[in-house]
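1. Just a sequence and a predicted model for now, questions to come.
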Amino acid sequence: DAGITQSPRHKVTETGTPVTLRCHQTENHRYMYWYRQDPGHGLRLIHYSYGVKDTDKGEVSDGYSVSRSKTEDFLLTLESATSSQTSVYFCAIKGSLEEKLFFGSGTQLSVL
Amino acid sequence: GIQVEQSPPDLILQEGANSTLRCNFSDSVNNLQWFHQNPWGQLINLFYIPSGTKQNGRLSATTVATERYSLLYISSSQTTDSGVYFCAVDVQGAQKLVFGQGTRLTINP
């Protein structure tokens, strides 16, 4: 299994609070991704990183920010959580453009 | 952006049956992958297959890039094959995989 750890695994928070999800990898892979999964929408890309301090937006980036200060860590921040951000969040890593994508176990986030 | 369509959306089979899942995409791609999400939510990478055919045990996949589709074959299905199967593609020049909506496969004993 690819060495990817997501934390926390579950979180319940209130509307308007900031939330940070962490993805940690031990594979030294260049590319890291945050996806969200919702019923009826499949997996949608939020943000991704192609190196330390190099990030770009995905298709559903509004309300989210990311940071990557080290190769192994990719943080996803919900600046002011809303109920529409209740979802399962997956982190993924890839070594190069043409390699397999590997997923973490996911974080179930509930915004009340 | 690129469109990824999977069919059928749902498939219910008896143990031992064979199945074929299809993924159509709307543009040229340089990366196509198949994933299985088990009933516990874990996403497992099955194949990296931008073109050609690969086999892994009872599973095989074929991508015909010129015709913009890929097929995932599951032979002699087992209950552990149940879950959702996703294909994902990466447009040439991009660095991000776009996922289809998935095919939910249920294998009954």
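-> That came in fine, so what should we check first? Numbers count the residues shown, from 1 in each chain, chains lettered A, B, ... in the order given.

2. Please count neighbours and contacts with C-alpha atoms only from this point.
-> Noted.

3. Name all residues that make contact with the residue nearest to A:Glu14 when sequence neighbours are not counted.
-> Distance criterion Cα to Cα, 6 or more residues apart in numbering or on different chains; nearest residue to A:Glu14, sequence neighbours excluded, is A:Leu112 at 4.9 Å. With contacts defined as Cα atoms under 8 Å, 6 or more residues apart in numbering or on different chains, A:Leu112 is in contact with A:12-15, A:82-83.

4. Highest neighbour count among those?
-> A:Thr82 (18 neighbours; other Cα atoms under 10 Å in any protein chain shown).

5. which SS class is the closest residue to that one other than its chain neighbours?
-> Of all residues not flanking A:Thr82 in the chain, A:Thr15 sits nearest, at 5.0 Å (Cα to Cα, 6+ apart). Counting by DSSP: H, G, I helix; E, B strand; the rest coil, the backbone at A:Thr15 sits in coil.

6. Quick check: A:Thr15 vs A:Ser83, distance?
-> 7 Å (Cα to Cα, to the nearest Å).

7. Overlap of the contact sets of the two?
-> By Cα under 8 Å, 6+ apart, the residues touching both A:Thr15 and A:Ser83 are A:111-112.

8. Wait, a helix at B:Thr66?
-> Yes - assessed with three-state DSSP, B:Thr66 lies in a helix.

9. ok, the residue lying closest to it once chain neighbours are set aside - contacts?
-> Leaving aside its chain neighbours, B:Thr66 sits nearest to B:Ser28 (7.9 Å; criterion: Cα to Cα, 6+ apart). Applying Cα under 8 Å, 6+ apart, one finds that B:Ser28 lies in contact with B:65-66, B:68, B:91-92.
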